[in-house]
Each structure stands twice: as C-alpha cells, then as structure tokens.
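> have a look; sequence and predicted model below, questions after that.
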Amino acid sequence: MALHYFQNVTVYLEGITIQDVGKNRRRITIQSIQDLPTLSTIISKLVEMMDNENSSPKELSDLISKDQSILAAILKLVNSAFYGFPRKITSVHQAVVILGFNTVKSMALGASIFKAKGKGKTQFDRNALWIHSVGVGTAAKIIAQKVGYKDADEAFVAGLMHDVGKVIFDSSFSDDFKLVTEKVEDEAILILDAERSVMGIDHAEAGQILLFKWQLPLPVVNAVGYHHDLEKAPEAYAELAAIVHLADIVCRKLKIGSGGDSRIPKVDRTSMKILKLSTARLEEVLHETEANKETIEMFKIE
C-alpha cells in the first residue's frame, strides 16, 4: 500500500464500489481526525508537540508531569530491568534524556490513547492491550539488537504502537467494533480476520493512517502498517515490519497481555528471511522477553 493516498483523502472516492463505501468512510474518518475530542485532551497537545520541531525536552517533561498515569508509565519504563540503571530515576526530565525524545513522546501518546474512553462501551480490556503493546515494544527492541537493526529504540516505538488501530476502532467505531469482538468470540478467529471481514479495514492500516497524520517517523508508520502483510512492505521498511511481526507473535505465545483474541498467528517465514534470523536465535528472543514478563505486566494504566 503506497503512502500517496494520505496526501488527499479524495483519492478514496475515485472508482469505488458500493461495497467499498464503508471501509473508505472509515479510512477518511481516521485520516481526518484532528484532536480526537473523545479522548484525553493531552493527546492534542502531544500531537502539536510532534508537529513542532522546536519542542524541547523541558516542554515535553512539563506536559507529561500533568498526567500521573502517563508519568508513572514513563518512570516505570526507564526504571525497568530492561534498562538496568543502578539507581532509581525519579525525574521525568532525566527519563526524557535517557529514553530519547521520540520514545518518550510515543510512550506518553500511547498511554494517553489506551486509557481513554470512546463514544460507546469499550469492547475489550484496554489494560491487557496496553501491556501487550509494551511487551511487543520490548520484544521488538530485543530482536532489533540481535539482528543489528540501526535503531533499537525505533523498534521499541514501532512495537509499542503496533495495535493503536484497535483503540481507534474501539473509540471511533464502537458499534462496528462490537461486531468484530463478537465474531472473534463466536468463531475463535484472529481479530485481524474479523476486522477485515466486518469493517473492510484492519487495525494495521488504521494505525498506519493515524500515525502518518501524527508525523511519527516513516519507518514506524510503515512497520505498523505492514506487520501483518510483510510481502507488501516497501523494501526500506520491511526489516522493521518483520521485527514487529515476530515481536507480536513472541508476546502472544508468552501470553503477555492480550491483543484481543486468544490465537497465535503463524510466523511469516518472510520475516525470518528478511532478518536472517535462525530458529535458535528466535528462541533466545523468546527467553529474554519472558525474563522481562513480570516487569512488563506492571505497566497497567493507572
């Protein structure tokens, strides 16, 4: 899927059939989201900060400090065993310096979105999905380090945000998403397949649209968009998409949180080829992620 359609939503209206109307309406709605008024007001401020190249770590620190649940998430991350600092970090400004601007912004944005309430009744356990997302971020960073990916923190962000489309569905299309969750339960299928069947668009594409609009780095945007469809991933972003794909499966196998269903997708062998990752090395990732499981499960939304 090319990125050109993000530039002008009217491209969706050219040559579509009646059956396409629903899924294209949803794409246009997601693309036109500005400040997500049904969610926390901190989101719009975070988005504004992402748009502003002159934003400073102090401004980000001050914003995060106004929301205790987001502050707690940032401090839990920087003090987790995964980072291994000998002394406890208590300052959000220190956390920004240690974790990096993009990691902290994405963590704050993710925590804000995942805890927010939508227009209708929430269809699944947001805490379980958030824990799963933190787990996938952690596993993605581990994989990135093993395969020599250029930016392990970027891999963490991509893993953290990989399921944000599910939250957008739950918040903005709650009636349709209820049908998705019912189909998952009744037919014991992957939530991905239920989304495509009911809504004509899946959470990966929805997340890609939204993260592109919010101007997250293109590798992150496309890793989210293609982590279930590696063969269609542009070559420049295939490596990170493969990392997120495997990280997701690792966390599902370890039952870290929940992605909204109880199934474990099959490993796309394309991912192993792209990353030149052996089965033995993947087992190492599994064991290292499991070693962090207790820490990851502490990342509940306050």
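Yep, it's here.
> how confident was the prediction at residue 262?
Listed pLDDT for residue 262 reads 90.
> quick check: buried residues in the longest helix along the chain?
Across the chain, the longest stretch assigned as helix under DSSP state H is helix 126-147. Using 16 or more other CB atoms under 10 Å as the test for burial, helix 126-147 gives 126-144, 146-147. C-betas here are computed from N, CA, C, even on glycine.
> list the buried residues of the helix or strand just after that helix.
For helix 126-147, the succeeding helix or strand toward the C-terminus, using DSSP states H and E, is helix 152-161. Along helix 152-161, these residues count as buried under the neighbour rule (16+ other CB under 10 Å): 152, 154, 155, 156, 157, 158, 159, 160, 161.
> now for the strand or helix carrying residue 69, which elements pack on it?
Counting by DSSP H and E, the element that carries residue 69 is helix 68-78. Counting contacts by 3 or more CB pairs under 8 Å, 6 or more residues apart in numbering; DSSP states H and E, helix 68-78 packs against helix 57-64, helix 92-99, helix 101-115.
> residue 274: which of the ones you listed is closest?
When those are ranked by proximity to residue 274, the top entry is helix 101-115, at 23.2 Å, counting by CB to CB.
> for the chain, which residue is closest to the average position?
residue 161 (1.6 Å; CA atoms, centre = their mean).
> residue contacts, residue 241?
By CB atoms under 8 Å, 6 or more residues apart in numbering, the residues touching residue 241 are 222, 223, 225, 226, 227, 230, 233.
> could you pull out the helices in the stretch 201-302 of the chain for me?
203-213, 218-226, 235-253, 269-275, 279-291, 293-296 (DSSP state H, counting those that start in this stretch).
> as TSV, the buried residues of helix 152-161 with distance to residue 112 and pLDDT would be great.
Formatted as TSV, the buried residues of helix 152-161 follow (distance: CB to CB, whole Å; pLDDT from 0 to 100):
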residue	distance to residue 112	pLDDT
152	24	93
154	20	94
155	22	96
156	17	94
157	15	92
158	18	96
159	18	96
160	13	94
161	12	94
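> for the helix holding residue 69, which positions count as buried?
70, 71, 72, 73, 74, 75, 76, 77, 78.
> and the third one, how close does it get to residue 100?
It refers to residue 72. 19 Å (CB to CB, to the nearest Å).
> returning to what we had before: and the longest helix of the chain with helix 68-78, angle?
Relative orientation of helix 126-147 versus helix 68-78 (axes from the mean of the first three to the mean of the last three CA atoms, to 10 degrees): 30 degrees.
> got the CA coordinates for helix 126-147 in CSV?
Taking Å, rounded to 0.1, in the frame of the first residue of the first chain, the C-alpha atoms of helix 126-147 are listed here in CSV:
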residue,chain,number,x,y,z
ARG,A,126,-7.5,-1.8,27.5
ASN,A,127,-5.1,-2.7,30.2
ALA,A,128,-4.4,-6.1,28.7
LEU,A,129,-3.9,-4.5,25.3
TRP,A,130,-1.5,-1.8,26.7
ILE,A,131,0.5,-4.5,28.5
HIS,A,132,0.7,-6.5,25.2
SER,A,133,1.8,-3.4,23.4
VAL,A,134,4.6,-2.7,25.9
GLY,A,135,5.6,-6.3,25.6
VAL,A,136,5.8,-6.1,21.8
GLY,A,137,7.9,-3.0,22.1
THR,A,138,10.3,-4.8,24.5
ALA,A,139,10.5,-7.9,22.3
ALA,A,140,11.0,-5.7,19.2
LYS,A,141,13.9,-4.0,20.9
ILE,A,142,15.5,-7.3,21.8
ILE,A,143,15.1,-8.6,18.2
ALA,A,144,16.5,-5.3,16.8
GLN,A,145,19.6,-5.6,18.9
LYS,A,146,20.1,-9.3,17.9
VAL,A,147,19.8,-8.6,14.2
